[in-house]
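> fold the following for me, if possible:
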Amino acid sequence: MTKLMWQFLLAVPAVWGAAVAVSGTAVAADSASVQVNSFNQDSIQLAQITSVSDLTDVLPSDWAFQSLQSLVENYGCIQGYPDRTFRGQRSLTRFEFAAGLNSCLDVIATLIAQSGINPDDLATIRRLQEEFQAELATLRGRVDTLEAETATLRAQQFSTTTKLRGQVDFHLITPFDTLDGRGAASETSTSVAARARLNFDSSFTGRDRLRIRLQAGDGNALTAFGGLQNARGADYNVTVDDFFYRFPVGNRINVTVAARGLAGDDWVTSTIVPFDGVSVAQAGEPAFYNLAGSSSNGAGVGVNINLTDTIVFDAGYTAGNPGATQPNVGVFAAANQSYIGQLSYLGEGFLQAGVAYLHSDRSNTFALNNTGVAAAAGAIDTFAGLLNLDFGRFFIAGHGAYSTFNGGNDFSWNAGVGLNDFLMEGSQLAVYGGQLPQLVGRSENPFLIEGYYDIPFNKFLTITPAIIYGDANQVAFTDNSALWGALRATFRF
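Model prediction:
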């Protein structure tokens, strides 16, 4: 065959490859955007390139340099932008593809006009078409499949603004000793507790969040000490556990408006102590945040103000839900309500610390920590300090809280030490202990100590074994102390 004919045959695969590549690019672009209403007019103002050296952003070290050099210098089949760039990392528009394809077709037409095609060369082309017919059909089928899958995703997509996240916690609790309460045996055998959560997180500006959380669960343990940290619900009844909207005001203020689900520590940026959210027992969370105020079933409003890059002021108010029998009770006239203010230093180095004030009102008597000991109605004022000393992977942390109320006062605390990234990245090995609040009728405050090892096997599964000892210190209990072994499995998806 003639030299020009071979040049033609070499140019055809290049054009076909460009077409396939652009087809894939078009499919990907369609999957990312349902509709394109405008385009950059500058993108189609292309200029013919006579040498690959004219392209300022193409280097000899680039993996496609030889291909570009051949197409430019041998066939004059590539065009660039007026600023002498090729922009090989960006997506190709249909206009740009049309311009490039037209340039290559012009070269092919010139080659044919100059030399023509003799019958032998035409037979060779047909033979090559037949030989690669299966490969061409496969490529065409792949493009059709991508287009069909993209259309299906577009038609069946859940939402363009909402992400679904889930978490499931399974607990296996085994008592090594007996804890009796109210004259009846309790927690004398191995038990199971589980909780499932589905979070629907929506964003309309990229900086805000609307969260609706569905939750169901059953079972608990350590009820004389506040229970398990990740166990809620009864009979797996599905409830709306969180319902709030958070949005920024400027660059340093976030406002949260809640219809349900936020109270106490839900309003603060950080609870400082590393045990919170990781420990198996609820006692790992500073207990004063939940001290006898309104439940999280009510409505509320909160604000987080970043005074500096490391100093944050948090404030929040929660009103108890009046229910169907009191539909006219206003938010700020609720019988059960609480508000909190906390100032925190959240440095990235050695020190994280905070001071907090919590006020709670309650209209009726209540039992704290499920002990059956009644506390009188009225106001409770709590002053607390929180501290975390981070020495790298080793930390010392804790909190103390002093509460005053109608009829007395109380002091609660927890403290402990731990190692982050112990044996594997993302893990936490820690031991903490402390006294839980006990307002009225106590002999002494309940005491609990826990050692746990939080092990993230992967981004979906975390296993946390723990040993827990508790002493209820209650005159109503026959046997006040017990020892438990616990195992929690947390799945995130």
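> just how off-centre is stretch 141-153 within its chain?
When C-alpha coordinates are averaged (CA atoms, centre = their mean, to the nearest Å), stretch 141-153 and its chain have centres 30 Å apart.
> and that stretch, what's buried?
Across stretch 141-153, burial judged by 16 or more other CB atoms under 10 Å covers 143, 146, 150. From N, CA and C alone the C-beta is placed, and that goes for glycine too.
> JSON lines for the residues you listed, including pLDDT and secondary structure?
Output for the buried residues of stretch 141-153, formatted as JSON lines (pLDDT from 0 to 100; DSSP: H, G, I helix; E, B strand; the rest coil):
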{"residue": "143", "pLDDT": "86", "secondary structure": "helix"}
{"residue": "146", "pLDDT": "89", "secondary structure": "helix"}
{"residue": "150", "pLDDT": "85", "secondary structure": "helix"}
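> is it possible to get TSV of the residues you listed that adds distance to residue 199?
What follows is these, written out as TSV (distance: CB to CB, whole Å):
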residue	distance to residue 199
143	37
146	32
150	28
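> closest to residue 489 among the residues you listed?
residue 150 (37.2 Å; CB to CB).
> what about that closest one, distance to residue 94?
Using CB to CB, to the nearest Å, one obtains 16 Å as the distance from residue 150 to residue 94.
> so where do the helices sit in this structure?
Assigned by DSSP state H, the chain shows helices spanning 3-32, 65-73, 94-115, 119-131, 133-156.
> worst mean pLDDT among these?
If the helices of the chain are sorted by mean pLDDT, helix 3-32 sits at the bottom with a mean of 40.
> state the pLDDT value of residue 488.
At residue 488, the pLDDT recorded in the model is 98.
> could you measure from it over to residue 74?
Residue 488 is 66 Å from residue 74, where distance means CB to CB.
> ok, these two, which is more surrounded?
residue 488 (23 against 12; other CB atoms under 10 Å).
> nearest to residue 204 among the buried residues of stretch 141-153?
Nearest to residue 204 out of those is residue 150 (CB to CB; 25.0 Å).
> so where's this protein uncertain?
The model of the chain has pLDDT under 70 over residues 1-48, 115-118, 121, 178-187, 292-296, 321-335, 363-377, 407, 439-443, 475-479.
> grab the nearest non-local neighbour of the residue nearest to the spatial centre of it.
With distances taken as CA atoms, centre = their mean, the residue of the chain nearest its centroid is residue 165 (7.5 Å). In space, and not counting its chain neighbours, residue 165 is closest to residue 199: 4.6 Å by CB to CB, 6 or more residues apart in numbering.
> am I right that that neighbour is in contact with residue 210?
No. Counting by CB atoms under 8 Å, residue 199 stays clear of residue 210, with 10.8 Å between them.
> so how far is residue 386 from residue 269?
From residue 269 across to residue 386, the span is 12 Å (CB to CB).
> shared neighbours of those two, anything?
Taking CB atoms under 8 Å, 6 or more residues apart in numbering as the contact rule, residue 269 and residue 386 both touch residue 344.
> neighbour count for the two, which is higher?
The residue with more neighbours, out of residue 269 and residue 386, is residue 386; 24 against 17, by other CB under 10 Å.
> next, the spatially closest residue to the more buried one that is not a sequence neighbour: phi, psi?
In this structure, residue 386 finds its nearest non-sequential neighbour in residue 272, 3.7 Å apart by CB to CB, 6+ apart. Dihedral pair for residue 272: phi 70, psi -50, per degrees, to the nearest 10.
> next up, the contacts around residue 272.
Shown in contact with residue 272 (CB under 8 Å, 6+ apart): 344, 352-354, 386-388, 397, 399.
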